[in-house]
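Novice: Got a sequence here, can you model it:
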Amino acid sequence: MSDTRRPNLSTAGEDAESASAQLVARARVMMVISALTTIFAIAAVVTVIGYRIFSQSGGGAAAGGEGVVALPKGARIVSTSASAGRLAILVETDGASELLTFDIKTLKPTGRLRFVGEP
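Specialist: Reported below is the predicted structural model:
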């Protein structure tokens, strides 16, 4: 029982449907690529931020410690300052000044600068 009243438009309809299906498939692929790129970019930014936070603070915990610095007899501390992971102490001894620097985490000496007047 074939229906002879309807014209056969199956080939024209299939071409239009296949073209639109290809277009939809291409759009889906581009959306997946865009989503994956965005996810990787966000992961990279979060990784860099986490690395910088934990590498600058030494893993999130500061190392505490005690230290003794032997000063010459009669020396007096003029000033102290802490900045950029360093502790600076200005000491005056017999009219000459000396700047001592220490690592703030380990309290190990990192430098010594002596200021003396010209004779």
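Novice: What residues sit buried inside stretch 80-90?
Specialist: Applying a neighbour-count criterion of 16 or more other Cβ atoms under 10 Å, one finds 87-90 buried in stretch 80-90. Just so you know, the C-beta spots here come from the backbone N, C-alpha and C atoms, and that holds for glycine as well.
Novice: could you pull out the strands for the protein?
Specialist: Counting by DSSP state E, the chain has strands at residues 76-83, 86-93, 96-103, 109-115.
Novice: which intervals of this structure have sub-threshold pLDDT?
Specialist: By pLDDT under 70, the low-scoring segments of the chain are 1-13, 56-65.
Novice: mind redoing it with 50?
Specialist: Across the chain, residues meeting the criterion (pLDDT under 50) sit at 59-61.
Novice: Quickly note the distance from Arg86 to Asp103.
Specialist: Counting by Cβ to Cβ, to the nearest Å, the separation of Arg86 from Asp103 is 7 Å.
Novice: joint contacts of those two?
Specialist: Listed contacts common to Arg86 and Asp103 are Thr110; contacts here mean Cβ atoms under 8 Å, 6 or more residues apart in numbering.
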